[in-house]
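Student: Model the following, please.
(chains A and B)
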Protein chains: 2
Amino acid sequence: MSASDARLERLVAPVADGLARMREILARQVAESSAAVADMTGHVGRFRGKQLRGALVLLAGDATGNATDEHPAIAAIVEMIHLATLVHDDVLDGADVRRRVATVHQRWDNQVAVLLGDFLYARAFALSTDLSSRLASRVLAEATRRICVGEIEQSTLRYDFDLTDARCEAIAGAKTATLYAAACELGARYPGGREDLGLELSSFGYEVGLAFQIVDDCLDVVGEEAVVGKSVGNDVEDGKVTLPVLHAYRRASPAGKARVREIFTQPGLERRVTLLREACDLAGGVESAMARAADLARSARARIADLPPSSARTALEDLAEYVLERRW
Amino acid sequence: MSASDARLERLVAPVADGLARMREILARQVAESSAAVADMTGHVGRFRGKQLRGALVLLAGDATGNATDEHPAIAAIVEMIHLATLVHDDVLDGADVRRRVATVHQRWDNQVAVLLGDFLYARAFALSTDLSSRLASRVLAEATRRICVGEIEQSTLRYDFDLTDARCEAIAGAKTATLYAAACELGARYPGGREDLGLELSSFGYEVGLAFQIVDDCLDVVGEEAVVGKSVGNDVEDGKVTLPVLHAYRRASPAGKARVREIFTQPGLERRVTLLREACDLAGGVESAMARAADLARSARARIADLPPSSARTALEDLAEYVLERRW
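Tutor: The predicted structure is shown next:
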């Protein structure tokens, strides 16, 4: 276990019991009598990850004095939706297949990944319809729609260096921040009637999620694969203009700008991130983006400052800092 | 408009008003303020098709005296789920991309097709959570799960000629029959309390849907592209062992069986369907499968024979015959 993982485990300790229940529900929901499906869902474990989104449901519930017996089920539903988005992220487009198929180990093929993700979404929605209140179904169906819209927009805005910061952040936030926000909102508000508190925690979750995504975007351009634990430079390969790149681009001379565009769009280029580091002040862009992430985390912490002191509130505050941790 | 389309339009005439409302709801739901998404959902129209599933919700509602103001919304939700499955069907796997990408016009890339399908699912579930009863959310989330499981199983049973008829039909039925069944069940039972009638109409829908799918499978091996209106031989290319092929295979000599397996699995083979027609008695297999489809349609009609006479009941009976129409 890395130091970062150990720290996270301490952070979520206040909801350890709820997380254990969440994992039981998750295992039961993902199990399926069909051998073909069971074979695949067994491998979904590789996506398990930190289960931060589920922890947020439980922590927001505890910190607002709103925890119910149904919170672990909501946490499981949120994690299933997250799993579904990860499985669907594994679907490669035609260009990727041609470019990467020889190097990327594909456990499943595209069509099966699509169906497995759909299966997880359907299970998640089915489980949500068994809860006593419909609020979870509503909030999560709407969050899922927003995630899809954001990702579709992101795919159409590749190579666009004229983005405003607001637009760049809205797109960066679509995936991570939207689900973080829904998790915190439901934690604070489910089964209903506490709308203001729900919205405040939703904003907390959105800001923490956006900060997390910005840090992730920074890692993509300046991280070392061995430290980050996954390949870097993917966004640049995909033509995604993230906040640190946008800020570095804006600081560049006209010639530097032209070079950045060329590096993004020229087909067949190798070591694209290395070239990008040479072409513009990426470190400056990262510093500026990280300052924005820190602002977001600060704003998030202020939103929960008036909640009664509790180990859950402290954990949420610490989580807002945790996502800023530099891992490079 | 083809003779078949004109006949279908007459068939669904008893619920023309409901269908018009369904289309309004559908257009509003699929509209999206994001220009990027609107551009895509606009093209979803190409999948509009016959909207048979939506019509089944309305006809089952009228035929059972169970129609409510919410039935057109349920019909729209069912159509959106159907659209989502069609959009996801457009995702090609790695092998397909390599094989077909040069010839198939791809309006979108795989990743965008995945997101657009997810968007449609999310919209459908979000709309279902606005209905007065949760029955629609429950039945449709469960139907979606079953569709995914069936399709995943189908993908693992390619090239399997030792299938039983029951297993072959269960897989053939997963996609079409499951959603037909859910449409009819909700029509007859929504918002709740008429469970027996709902189950009877669910069985009606399942049998009609399965009959439709078997006819479709027959068309794939003996249809002419100009008549069927879409390319044929896709199932054979994909290695899917459908009911007519299975029946033809069983009638073949040991040498014929070996040849059929060879045609299915040998890489790079061209004109696979033509070779299959030469290798075994496909016409006999088709005849046998069509007899099964006719049995299913007959059983379906019997299930609704005791409903009070109405134009909607007549339409459902006629629909059970309509799906058998030979289009080759």
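
Student: Dump stretch A:139-158 to PDB, keeping only the CA atoms.
Tutor: As requested, C-alpha coordinates have been extracted for stretch A:139-158 and formatted as PDB (Å, rounded to 0.1, in the frame of the first residue of the first chain):
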ATOM      1  CA  VAL A 139     -30.300  12.900  -8.900                       C
ATOM      2  CA  LEU A 140     -28.200  10.100 -10.300                       C
ATOM      3  CA  ALA A 141     -30.100   9.900 -13.700                       C
ATOM      4  CA  GLU A 142     -29.600  13.600 -14.100                       C
ATOM      5  CA  ALA A 143     -25.900  13.400 -13.100                       C
ATOM      6  CA  THR A 144     -25.400  10.600 -15.600                       C
ATOM      7  CA  ARG A 145     -26.900  12.700 -18.300                       C
ATOM      8  CA  ARG A 146     -24.700  15.600 -17.400                       C
ATOM      9  CA  ILE A 147     -21.600  13.400 -17.500                       C
ATOM     10  CA  CYS A 148     -22.400  12.200 -21.000                       C
ATOM     11  CA  VAL A 149     -23.100  15.700 -22.300                       C
ATOM     12  CA  GLY A 150     -19.800  17.000 -20.800                       C
ATOM     13  CA  GLU A 151     -17.900  14.200 -22.400                       C
ATOM     14  CA  ILE A 152     -19.500  14.600 -25.800                       C
ATOM     15  CA  GLU A 153     -18.700  18.300 -25.600                       C
ATOM     16  CA  GLN A 154     -15.100  17.500 -24.700                       C
ATOM     17  CA  SER A 155     -14.800  15.300 -27.700                       C
ATOM     18  CA  THR A 156     -15.900  18.100 -30.000                       C
ATOM     19  CA  LEU A 157     -13.600  20.600 -28.400                       C
ATOM     20  CA  ARG A 158     -10.300  18.800 -29.000                       C
END
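
Student: what's the residue in the stretch 151-300 of chain A that chain B sits nearest to in contact with, if anything?
Tutor: When distances are taken as Cβ to the nearest Cβ, the stretch 151-300 of chain A approaches chain B most closely through A:Thr156, which lies 4.2 Å from it. The C-beta positions use only the backbone N, C-alpha and C, and glycine is treated the same way. With contacts taken as Cβ atoms under 8 Å, 6 or more residues apart in numbering or on different chains, A:Thr156 has the following neighbours: B:Ala36.

Student: What of A:Tyr190?
Tutor: For A:Tyr190, the contacting residues are A:Gly61, A:Asn66, A:Thr68, A:Glu70, A:His71, A:Ile74, A:Ser133, A:Leu135, A:Ala136, by Cβ under 8 Å, 6+ apart.

Student: In ChimeraX, how would I select just the buried ones from these?
Tutor: Only the buried members of the contacts of A:Tyr190 end up in this ChimeraX selection, burial being decided by 16 or more other Cβ atoms under 10 Å in any protein chain shown:
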select /A:61,66,70,71,74,133,135,136
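
Student: Among the contacts of A:Tyr190, which ones are in helices?
Tutor: Counting by DSSP state H, the contacts of A:Tyr190 place A:Gly61, A:His71, A:Ile74, A:Leu135, A:Ala136 in helices.

Student: of these, list those near chain B.
Tutor: Among the ones in helices among the contacts of A:Tyr190, not one lies near chain B by Cβ under 8 Å from any Cβ of the partner chain.

Student: follow-up on the earlier one: could you provide the contacts of A:Tyr190 in a markdown table, with additional columns for pLDDT?
Tutor: Putting the contacts of A:Tyr190 into a markdown table (pLDDT from 0 to 100) gives the following:
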| residue | pLDDT |
| --- | --- |
| A:Gly61 | 98 |
| A:Asn66 | 97 |
| A:Thr68 | 98 |
| A:Glu70 | 98 |
| A:His71 | 98 |
| A:Ile74 | 98 |
| A:Ser133 | 96 |
| A:Leu135 | 96 |
| A:Ala136 | 97 |
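
Student: for the stretch 151-300 of chain A, what are the low-confidence residue spans?
Tutor: Along the stretch 151-300 of chain A, segments meeting pLDDT under 70 span A:225-231.

Student: Which residues of it lie near chain B?
Tutor: When proximity is defined by Cβ under 8 Å from any Cβ, the stretch 151-300 of chain A lies next to chain B at A:Glu151, A:Ile152, A:Glu153, A:Ser155, A:Thr156, A:Leu157.

Student: quick one: buried residues of the helix or strand where the fourth one lies?
Tutor: Using DSSP states H and E, the element containing A:Ser155 is helix A:135-156. By neighbour count with 16+ other Cβ under 10 Å, helix A:135-156 contains the buried residues A:135-155.

Student: What's the first helix or strand after that helix?
Tutor: Next helix or strand after helix A:135-156 toward the C-terminus (DSSP H and E): helix A:165-189.

Student: List the buried residues of that following helix.
Tutor: Neighbour counts over helix A:165-189 (16+ other Cβ under 10 Å) mark A:168-189 as buried.

Student: How about stretch A:213-221?
Tutor: Neighbour-count burial for stretch A:213-221, with 16+ other Cβ under 10 Å as criterion, is recorded at A:Gln213, A:Ile214, A:Val215, A:Asp216, A:Asp217, A:Cys218, A:Leu219, A:Asp220, A:Val221.

Student: With secondary structure added, can I get these in a markdown table?
Tutor: As requested, these are exported to a markdown table (DSSP: H, G, I helix; E, B strand; the rest coil):
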| residue | secondary structure |
| --- | --- |
| A:Gln213 | helix |
| A:Ile214 | helix |
| A:Val215 | helix |
| A:Asp216 | helix |
| A:Asp217 | helix |
| A:Cys218 | helix |
| A:Leu219 | helix |
| A:Asp220 | helix |
| A:Val221 | helix |
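
Student: Return the member of those residues nearest to B:Arg123.
Tutor: Proximity of the buried residues of stretch A:213-221 to B:Arg123, judged by Cβ to Cβ, is greatest for A:Gln213, which lies at 24.3 Å.

Student: If we ignore the residues flanking it in sequence, what's nearest that closest one?
Tutor: Across the structure, with Cβ to Cβ, 6 or more residues apart in numbering or on different chains as the measure, the residue nearest A:Gln213 apart from its sequence neighbours is A:Thr176 (4.4 Å).
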